[in-house]
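# sequence first, predicted coordinates after that:
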Amino acid sequence: RKEVEQDPGPFNVPEGATVAFNCTYSNSASQSFFWYRQDCRKEPKLLMSVYSSGNEDGRFTAQLNRASQYISLLIRDSKLSDSATYLCVAYIGYSTLTFGKGTMLLVSP
Amino acid sequence: NAGVTQTPKFRILKIGQSMTLQCTQDMNHNYMYWYRQDPGMGLKLIYYSVGAGITDKGEVPNGYNVSRSTTEDFPLRLELAAPSQTSVYFCASRPGLAGAETQYFGPGTRLLVL
């Protein structure tokens, strides 16, 4: 079983829509979690960290459910510029991060 | 700060050739990483280093070698290039402090082995 699993998508949404991605992780010892954004042919960049209490950054909200071992990302009022691949990432320890394969989002006019 | 820089941006190799992918960071980060990303796939860890003189294997180390003689530099060596090594290679770094797991990535090197 993959350590971090995501629906690859693509998720096709119109501008202004709300879209949510989920991610599951298999290692209950995972210590911290992140969402990274990767534009086509570019490097991954940190979008936001995910805290147990949930956190919000503008139009983006991240949630962590340790009991069910899943992480979510909610994007409100989607913009064309939100089109990208969103990577779910877990820090399991031993100095390394584990990346999901990513969920592709396409926002259309 | 330039952050994490990688050279070259793109390279074509013939089977059996060797090359070194360069990675440099100017943030004084202790931890550095090499990943490869195949089309439609996630990032796979090749090697990492927690400080100068210390390196360790990741998930897919076969066919690669690394060294870490300075804090700033973490070159990745391909000794006998194979078509299976066609990929995009990303270098990343992070401070190594507790609670600071965020990694910062370089722009990547696209490698084509023919």
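That came through, no problem.
# the residue nearest the centre of chain B in helix, strand or coil?
Most central in chain B under C-alpha atoms, centre = their mean is residue B:34, positioned 2.8 Å from the mean C-alpha point. In three-state terms, and counting by DSSP: H, G, I helix; E, B strand; the rest coil, residue B:34 is strand.
# so it sits right up against residue B:76, yeah?
Yes. Between residue B:34 and residue B:76 there is a contact at 4.9 Å, judged by C-beta atoms under 8 Å. In short, each C-beta sits where N, CA and C put it, glycine included.
# and for those two, which residues touch both?
Among the neighbours of residue B:34, those also in contact with residue B:76 (C-beta atoms under 8 Å, 6 or more residues apart in numbering or on different chains) are B:21, B:23, B:46-47, B:64, B:66, B:89, B:91.
# please enumerate the strands of chain B.
Here chain B has its strands, by DSSP state E, at B:4-7, B:10-13, B:19-25, B:31-37, B:43-51, B:54-57, B:64-66, B:76-78, B:87-94, B:104-105, B:109-113.
# helices or strands up against the shortest one?
The reference is to strand B:104-105. Judged by 3 or more C-beta pairs under 8 Å, 6 or more residues apart in numbering or on different chains; DSSP states H and E, strand B:104-105 is in contact with strand B:87-94.
# thinking again about what came up before, most neighbours out of the shared contacts of residue B:34 and residue B:76, which is it?
Neighbours here mean other C-beta atoms under 10 Å in any protein chain shown. Within the shared contacts of residue B:34 and residue B:76, the largest count is held by residue B:91, at 28 neighbours.
# beta partners of that one?
Taking DSSP bridges, one finds residue B:34 as the beta-bridge partners of residue B:91.
# what's the pLDDT at it?
Residue B:91 carries a pLDDT score of 97 in this model.
# give the contact list for it.
Counting by C-beta under 8 Å, 6+ apart, residue B:91 makes contact with B:4, B:6, B:21, B:23, B:25, B:32-35, B:74, B:76, B:105-106.
# of the residues you listed, buried ones?
The neighbour count (16 or more other C-beta atoms under 10 Å in any protein chain shown) marks B:4, B:6, B:21, B:23, B:25, B:32-35, B:74, B:76, B:105-106 as buried among the contacts of residue B:91.
# quick one: the residues you listed as JSON lines, columns for pLDDT too.
Converted to JSON lines, the buried ones among the contacts of residue B:91 look like this (pLDDT from 0 to 100):
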{"residue": "B:4", "pLDDT": "96"}
{"residue": "B:6", "pLDDT": "98"}
{"residue": "B:21", "pLDDT": "98"}
{"residue": "B:23", "pLDDT": "98"}
{"residue": "B:25", "pLDDT": "97"}
{"residue": "B:32", "pLDDT": "95"}
{"residue": "B:33", "pLDDT": "95"}
{"residue": "B:34", "pLDDT": "97"}
{"residue": "B:35", "pLDDT": "96"}
{"residue": "B:74", "pLDDT": "98"}
{"residue": "B:76", "pLDDT": "98"}
{"residue": "B:105", "pLDDT": "95"}
{"residue": "B:106", "pLDDT": "97"}
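# contact partners for the residue nearest to the centre of chain B?
Neighbouring residues of residue B:34 by C-beta under 8 Å, 6+ apart: B:21, B:23, B:45-48, B:58, B:64, B:66, B:74, B:76, B:89-92.
# and it, how far is that from residue B:92?
According to C-beta to C-beta, to the nearest Å, residue B:34 stands 8 Å off from residue B:92.
# do residue A:31 as well
Shown here: residue A:31 relative to residue B:92, a distance of 18 Å by C-beta to C-beta.
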